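Q: pasting the structure only:
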């Protein structure tokens, strides 16, 4: 999807047998996902007028006008839901949409290229930047904290990081003569 759309949630599958869906929201205020309707799928080809019915474990039960059965709801499992960027609230200077961080180059405080942000993960604590290390297929996780990532410059597409010890692989020793 283009930079004009941000993933705000996903359809986790059916909820019950009457066409209700289980929705997982990625919004800071989870209920806000409904206010961004119509949402689209990743291609932008399909629109969803989402109506939240009630909170359920790990998300919400919701309805879509054209989904009437459990089978139709299950067929949408895994569909990522996107909102137009202009619908979303602007963020304070020290907050970022995950989509804006993916692909940024990451440099250490000495100016050496460490790699590129592959994904942004959150497993219940702070966000983690998954870095594809420069010149390798290796990835590592960098805590997305002010101490480890003092600078994010979206205008130049650059992050300056001060990784904690042990995050990056140790440099290979020089060969002995």
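A: It's in. Quick caveat: nothing in here was measured; it's all calculated off a predicted structure. Numbers count the residues shown, from 1 in each chain.
Q: list the buried ones in stretch 28-39?
A: Residues of stretch 28-39 classed as buried under the neighbour-count rule (16 or more other Cβ atoms under 10 Å) are 30, 32-34, 36-37, 39. No exception for glycine: its C-beta is placed from N, CA and C like everyone else's.
Q: what sits up against the lowest-mean-pLDDT helix or strand in the chain?
A: For the chain, the helix or strand with the lowest mean confidence is helix 98-101, at a mean of 86 (criterion: mean pLDDT, DSSP states H and E). Contacts with helix 98-101, where a contact means Cβ atoms under 8 Å, 6 or more residues apart in numbering, come from 3, 6-7, 26, 117, 120, 127, 129, 144, 152, 154, 159.
Q: C-terminal to that helix, what's the next element?
A: Secondary structure here is assigned by DSSP states H and E; on that basis, the next helix or strand after helix 98-101 toward the C-terminus is strand 105-108.
Q: the following helix or strand past that next one: how far from the chain's middle?
A: Next helix or strand after strand 105-108 toward the C-terminus (DSSP H and E): strand 113-121. In terms of Cα atoms, centre = their mean, to the nearest Å, the centre of strand 113-121 is found 13 Å from the chain centre.
Q: start at 379 instead
A: That works, and once the first residue is 379, the last one we named lands at strand 491-499.
Q: strand 491-499 pairs with which strands, parallel or anti?
A: Neighbouring strands of strand 491-499 in its sheet, by DSSP bridges, are strand 483-486 (antiparallel), strand 506-511 (antiparallel).
Q: would you mark the buried spots in that strand?
A: Judged by neighbour count (16+ other Cβ under 10 Å), strand 491-499 contains these buried residues: 492-496, 498.
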